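Peer 1: Just need the structure, nothing else, for what follows:
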Amino acid sequence: MSRAALTKIVRPRTLQAPRALRPAVLSLVSHRATPNVTRPLSMSWKRSLATSSIKLATTSPVVQKKLDSFIPLIDFSKFLHGSETEREQIAAEILSGFQNAGFIYLQNHGVAPDAVRTAFATSARFFAEPDDDKLNLSWLSPESNRGYSARGREKLKRVGEGGGEDAAPPDMKESFEIGREGDPAFPNQWPRDGTMVEGFKDTMLGFYGLCRQLHGNVMSAIAVGMGLDAKYFESFISSGDNTLRLLHYPGVDASVWKNANAVRAGAHSDYGSLTLLFQDGRGGLQVQSPSGDFVDATPVEGAIVVNAGDLLARWSNDTIKSTIHRVVEPPAKEADSYPPRYSIAYFCNPNHSSFIEALPGTFATEDSKKYKGIQTGEYLVQRLTATY
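Peer 2: The predicted model follows:
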């Protein structure tokens, strides 16, 4: 079977880069977009509005015809359930996508649509809660990397491994981090029973488990693509030291986007090994192409975006790319304001105790290793400390 028959290609719309890397100016954003009503909104009404406003990814054939050939769209069911030949072919396509683009779209990935919809609805209800209640669950330290981060706290780095790191001003978003449950040193920050969002903990732990399983399957595909045993990475990721991150980019007034520097999340690369990204239908994610331009990673119905992070690039001796990306304003003006954007990211890491050095087959001699070995936990704390 030809590679074209196995892998469809998603063709993102190319955008020029000159204002791409200029960071957001947060002083312009002092409030969220307000519905056109003359009386204050009750909290229950706001929660209902947040939940009902989420539109999950849909992409029409008309949109896809306008896209450029950069990020491959891969049917993962052929790796999960296919023949040995199909598994090897899909593994090769996945590895090629990470080596050339650093990003892939994954369809038929095994996370049920109902689970995704429930996670998004629950996330929206959480972010609709009063700020004071969310601040009671605040993110505390790089070591724990759990809890709520208000708008303006995070300052992303524009460049990852191997170069100078220019800190951008904080981004226009709020987030909530969930780590491995049951770690006595770093417990998760859950709302108390009977407060805030009903079923929040159970929903998010269930979704965390689904993402953890998908992480293992994608790492298995990478191993097969690299000519390693399919179980090569299992001992490196057995603890599940990953982070589920709920993200909310609040709605903003259209006047904000008149400023050329305004972006929802500045250009950056991710720190860990892989990121599994579930998007709503608003769009806004852009990926830097090899030419330096930014292209839209247009939401595709039923697919998730998976990208390689800095640690996987380091682990692969830079044979895999960790690609710069950002979140910008929507492509079309919507009345006097832009609606909120929601996404859910699952940041995948090796066990914090795992020692990471160049993988077999990625170097010819010891001198050709580009990086010294490092323990995952030490590496992540270094990166997170610089971010918050």
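
Peer 1: Identify the residue spatially nearest to Val305, adjacent ones excluded.
Peer 2: Closest residue in space to Val305, ignoring its immediate chain neighbours: Leu277 at 4.2 Å, by C-beta to C-beta, 6 or more residues apart in numbering. Backbone N, C-alpha and C define where each C-beta goes, glycine included.

Peer 1: give me the low-pLDDT residue ranges for the stretch 201-350 of the chain?
Peer 2: Counting by pLDDT under 70, the stretch 201-350 of the chain contains low-confidence residues at 253-265, 329-337.

Peer 1: which residues in it form helices?
Peer 2: 310-315 (DSSP state H, counting those that start in this stretch).

Peer 1: What strand or helix carries Tyr379?
Peer 2: Secondary structure from DSSP states H and E places Tyr379 in helix 376-387.

Peer 1: contacting residues around the residue nearest to Val305?
Peer 2: Shown in contact with Leu277 (C-beta atoms under 8 Å, 6 or more residues apart in numbering): Leu285, Ile304, Val305, Val306, Asn307, Ser343, Ile344, Ala345, Tyr346.

Peer 1: ok, so of the residues you listed, who is nearest Met172?
Peer 2: Ser343 (13.4 Å; C-beta to C-beta).

Peer 1: Can you spell out which residues form a bridge with the nearest residue to that closest one once chain neighbours are set aside?
Peer 2: Take Ser343 and drop its neighbours on the chain: the residue closest to it by C-beta to C-beta, 6+ apart is Leu247, 4.7 Å away. Taking DSSP bridges as the rule, Leu247 bridges to Ser175, Ser343.

Peer 1: And Leu247, how far from Asp202?
Peer 2: 20 Å (C-beta to C-beta, to the nearest Å).

Peer 1: These two: which is more packed in?
Peer 2: Legend: neighbour count by other C-beta atoms under 10 Å for Leu247 and Asp202, higher for Leu247 (24 against 10).

Peer 1: Could you double-check that that one lies in contact with Tyr346?
Peer 2: No. Leu247 lies out of contact with Tyr346 (C-beta atoms under 8 Å); the separation is 11.4 Å.

Peer 1: Asn242 reaches Asp183, doesn't it?
Peer 2: No. Using C-beta under 8 Å, Asn242 is not in contact with Asp183, being 11.6 Å away.

Peer 1: more neighbours, these two?
Peer 2: Asn242 (24 against 15).

Peer 1: what's the burial count for the residue nearest to the more buried one when sequence neighbours are not counted?
Peer 2: Nearest-residue entry for Asn242: Cys348, 5.1 Å, with adjacent residues in sequence omitted and distances by C-beta to C-beta, 6+ apart. When neighbours are defined as other C-beta under 10 Å, Cys348 has 27 of them.

Peer 1: Helix, strand, or coil at Glu177?
Peer 2: strand (DSSP: H, G, I helix; E, B strand; the rest coil).

Peer 1: Relative to Glu93, how far out is it?
Peer 2: 31 Å.

Peer 1: what's the answer for Phe355, then?
Peer 2: 30 Å.

Peer 1: Give me the more crowded residue out of these two.
Peer 2: Neighbours were counted for Phe355 and for Glu93 using other C-beta under 10 Å; Glu93 has more, 22 against 12.

Peer 1: Secondary structure element holding that one?
Peer 2: helix 84-100.

Peer 1: what does that helix contact?
Peer 2: Outside helix 84-100, the residues that reach it (C-beta under 8 Å, 6+ apart) are 1, 3, 6-7, 71-72, 74-76, 78-79, 82, 103-104, 218, 221-226, 290, 308, 312, 319-321.

Peer 1: And Thr385, what's its pLDDT?
Peer 2: What the model reports as pLDDT for Thr385 is 81.

Peer 1: And stretch 360-373, how far out from the chain middle?
Peer 2: Centroid separation for stretch 360-373 versus its chain: 28 Å, with C-alpha atoms, centre = their mean, to the nearest Å.

Peer 1: for that stretch, which positions count as buried?
Peer 2: Neighbour-count burial for stretch 360-373 flags Thr362, Phe363, Tyr371 (criterion: 16 or more other C-beta atoms under 10 Å).

Peer 1: circling back: could you dump the contacts of Leu277 to a markdown table with distance to Glu198 and neighbour count?
Peer 2: Shown next, in a markdown table, are those (distance: C-beta to C-beta, whole Å; neighbours: other C-beta atoms under 10 Å):
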| residue | distance to Glu198 | neighbour count |
| --- | --- | --- |
| Leu285 | 30 | 25 |
| Ile304 | 27 | 25 |
| Val305 | 30 | 25 |
| Val306 | 31 | 26 |
| Asn307 | 33 | 26 |
| Ser343 | 23 | 24 |
| Ile344 | 19 | 22 |
| Ala345 | 24 | 22 |
| Tyr346 | 23 | 25 |
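
Peer 1: just curious, which of those is nearest to Val328?
Peer 2: The closest of those, once distances to Val328 are taken by C-beta to C-beta, is Leu285, at 8.4 Å.

Peer 1: Pull the contacting residues for the closest one.
Peer 2: Applying C-beta under 8 Å, 6+ apart, the residues near Leu285 are Leu277, Gln279, Asp296, Ala297, Val305, His325, Arg326, Val327, Ser343.

Peer 1: And for Phe355?
Peer 2: So Phe355 contacts Gly373, Ile374, Gln375, Thr376 (C-beta under 8 Å, 6+ apart).

Peer 1: can you do 7 Å?
Peer 2: Contacts for Phe355 (C-beta atoms under 7 Å, 6 or more residues apart in numbering) come out as Gly373, Gln375.

Peer 1: what's the answer for Trp190, then?
Peer 2: Counted by C-beta under 7 Å, 6+ apart, Trp190 has contacts Lys201.
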